[in-house]
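Chemist: Have a look; sequence and predicted model below, questions after that.
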Amino acid sequence: MTSPMAITIAKQTTVSAIALFPGGHGKPQLRPFPFTAHRNPPMCLLAGEQPSRADSGDGQRLQHHASEHASGFSHSSVMLAEIVALFDDSEGCIVDATLGAGGHAEALLEAHPRISVIGLDRDRAAIAAATRRLARFGDRFVAHHVRFDDISTVVERGTCSGVIFDLGVSSPQLDHADRGFSHRFEGPLDMRMDDTDSLTAAEVVNTYREHELVTLLREYADERHAKRIASAIVSARPLSTTSELADVVVNAVPAAARRRQQRHPAMRTFQAVRIEVNSELDLLRPALESAVDALKPGGRIAVLSYHSGEDRIVKQLLRDESRTSPKGRPDLPPPPDMVTRLRLLWSGSRQPGDIELSANPRSASARLRAAERTEQGL
Ligand SMILES: C[S@@+](CC[C@H](N)C(=O)[O-])C[C@H]1O[C@@H](n2cnc3c(N)ncnc32)[C@H](O)[C@@H]1O
């Protein structure tokens, strides 16, 4: 789905991985990559690619990293056991296309000693935090500050044992007020996952035409009061903080509807603006296609999505790639030129169990879909 108002962010294939160094005051500092060659890059890395290396520091450093992680960048990974089990008996390289805090990557590295992980994220803070967290795995983990639709700039076609996507935002992104993702905290209207991108939430709410706002509120968040909210935003311009936007939305939603809603009335608006700022849906299908390209036969793709727009794209792609008969004619045999690159591991989607739901309510909307690469179309 391509939003008519989406501003294309010209950020093509530059791979600018970053690495974390302890600064003079014990604070982490980022510096641009490359800084050192990787001694034993995972097998599927493109020749010449220079990853951000997990720093294999000493125990003291690891302790520092662990507490830093606990205090600054923690995220409860969703359906962890299910993701880990999907790669039982795997060896070789797995791409974590949405590295985040590194929770899924860490669990995979711990459970499966014969795999290595290449982590991608468009958020430099996530890359830095995961690089610290996974330092103890040495050469088995590398990270790249790269968007997931650019997988092909980092890994060779047909070489990966797995690719995982855990879509959406991480808890640190939501919970750090200065990122501007949440209606719950006062902050600037930013919402960029990648702080080197140009489009911000402020630009969306202050410059988009009213009908464009209506479209994105409906398409990206199924917002029933899209027209009222869009009109209120336009009247209240300029808006510069998250609480200004949240207040405008709250006042635009009829009181009766507000009373019926279980969630904050501005939640959907924030979701829609965030998806627009980060072109989340537009990037997804190309990213999934590249992920299938990257898999070797028997390799697996697993995708966790968190709202219907994302899940629809995932479901469609997996269905298209696993089709064994012409579209709309399940009664017919495959035509000779038909290529079926995936085999679904189960039909439909799986959801978190009750124990996980009570421990982590943020997992409630998760849907997991997975498939395995066939030998066709290599
Ligand atoms: C839900 S979090 C991942 C959490 C991670 N699985 C864990 O267990 O800690 C999603 C991450 O995906 C990243 N992300 C979202 N869209 C992306 C894209 N197009 N390319 C690369 N990373 C992206 C976000 O920056 C965020 O860090």
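Modeler: Nice, I can see it. Residues are numbered from 1 along each chain as shown.

Chemist: List of residues touching whichever strand or helix holds N206?
Modeler: N206 belongs to helix 201-207 when assigned by DSSP states H and E. With contact meaning CB atoms under 8 Å, 6 or more residues apart in numbering, helix 201-207 is reached by 180, 188-191, 213, 216, 233, 237-240, 245, 273-274, 276-277. (C-beta placed from N, C-alpha, C; glycine too.)

Chemist: Repeat that for stretch 238-249.
Modeler: Contacts for stretch 238-249 (CB under 8 Å, 6+ apart): 177, 180, 182-183, 185-189, 201-202, 205-206, 229, 232-233, 236, 264-266, 269-270, 273.

Chemist: CA-only coordinates of that stretch, as PDB, when you get a sec.
Modeler: Presented in PDB, the C-alpha positions along stretch 238-249 are these (Å, rounded to 0.1, in the frame of the first residue of the first chain):
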ATOM      1  CA  PRO A 238       1.200  24.700  14.700                       C
ATOM      2  CA  LEU A 239       1.700  21.800  17.000                       C
ATOM      3  CA  SER A 240       5.100  21.100  18.400                       C
ATOM      4  CA  THR A 241       4.700  18.600  21.300                       C
ATOM      5  CA  THR A 242       3.200  15.100  21.900                       C
ATOM      6  CA  SER A 243       0.900  16.500  24.600                       C
ATOM      7  CA  GLU A 244      -0.400  19.200  22.400                       C
ATOM      8  CA  LEU A 245      -1.300  16.600  19.700                       C
ATOM      9  CA  ALA A 246      -2.800  14.200  22.300                       C
ATOM     10  CA  ASP A 247      -5.000  17.100  23.800                       C
ATOM     11  CA  VAL A 248      -6.200  18.100  20.300                       C
ATOM     12  CA  VAL A 249      -7.200  14.500  19.600                       C
END
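
Chemist: ok, now how distant is the residue of the stretch 101-250 of the chain found nearest the ligand from A287?
Modeler: The ligand sits closest to G103 of the stretch 101-250 of the chain, with a gap of 2.9 Å, by CB to the nearest ligand atom. Distance of G103 to A287, computed by CB to CB, to the nearest Å: 20 Å.

Chemist: returning to that earlier point: from the contacts of stretch 238-249, list the buried ones, please.
Modeler: Buried residues within those, counting neighbours by 16 or more other CB atoms under 10 Å: 180, 182-183, 185, 187, 189, 201-202, 205-206, 229, 232-233, 236, 264-266, 269-270, 273.
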